[in-house]
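Student: From the sequence below, what's the structure:
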Amino acid sequence: MKNIMLVCVAGMSTSLLVSKMQKAAQDQNMEADIYAIAEGEVEKVIATKMPDVLLLGPQVRYLKGSFEKKFKDMNFPIDVINMADYGMMNGENVLKQALTLIG
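Tutor: Numbers count the residues shown, from 1 in each chain. From the prediction side, this is the model:
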C-alpha cells in the first residue's frame, strides 16, 4: 500500500488530480491511498498518517524548503508536481513521479 499525500492551498484544486491518480493506480492493480489536503493541515495529518511521499501543487512550491527542514527526520521524499502534468491533470504521470520518489 502506497500512501501518497498531495498538498495545495485548500486541498480542493488537487482533488481532480487525486481521482485521476487513483484511476491510474487501479489500472495498474496497485493499492494506493492517494489524498489531497490543504497546506495548513499537513502537520495534523502526518501525526496520524505517515506518507510515503509528499507532493506539492505548483502553487505551493515555496513550501518545499520549509517542509524538508520540518520533516527531515521522517524520511519521506518531498517534491513539487510537474507544472505541465498538474495543469493537464495527468494522473498517470504524477503517479509515476510519486512512485519514482518512493523508490
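Student: quick one, helices of this protein?
Tutor: Secondary structure of the chain (DSSP state H): helices at 15-27, 42-48, 64-70, 83-87, 91-102.
Student: So for the last one, mean pLDDT?
Tutor: Which is helix 91-102. Per-residue pLDDT over helix 91-102 has a mean of 98.
Student: Now that helix - C-alpha only, CSV.
Tutor: This file holds the C-alpha atoms of helix 91-102, laid out as CSV (Å, rounded to 0.1, in the frame of the first residue of the first chain):
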residue,chain,number,x,y,z
GLY,A,91,-2.7,11.5,-13.0
GLU,A,92,-0.7,8.7,-14.6
ASN,A,93,2.5,10.9,-14.8
VAL,A,94,2.0,12.3,-11.3
LEU,A,95,1.6,8.7,-10.0
LYS,A,96,4.8,7.8,-11.8
GLN,A,97,6.6,10.8,-10.2
ALA,A,98,5.4,9.7,-6.8
LEU,A,99,6.5,6.1,-7.3
THR,A,100,9.9,7.1,-8.6
LEU,A,101,10.4,9.2,-5.5
ILE,A,102,9.3,6.4,-3.2
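Student: which helices and strands sit right next to that helix?
Tutor: Helix 91-102 is packed against strand 2-8, helix 15-27, strand 53-56, helix 83-87, with contacts defined by 3 or more Cβ pairs under 8 Å, 6 or more residues apart in numbering; DSSP states H and E. Bear in mind the C-beta positions are built from the backbone N, C-alpha and C, glycine included.
Student: And the third one, by the same measure?
Tutor: Under the contact criterion of 3+ Cβ pairs under 8 Å, 6+ apart, helix 64-70 touches strand 53-56, strand 78-80.
Student: Point out the most buried one among those.
Tutor: strand 53-56 (a mean of 24; mean count of other Cβ atoms under 10 Å).
Student: Now do the end-to-end distance for stretch 60-74.
Tutor: This stretch, stretch 60-74, spans 21 Å end to end (Cα to Cα, to the nearest Å).
Student: coming back round to it: could you point out which of the helices of the chain sits nearest residue 36?
Tutor: Counting by Cβ to Cβ, residue 36 lies closest to helix 15-27 out of these; the figure is 4.9 Å.
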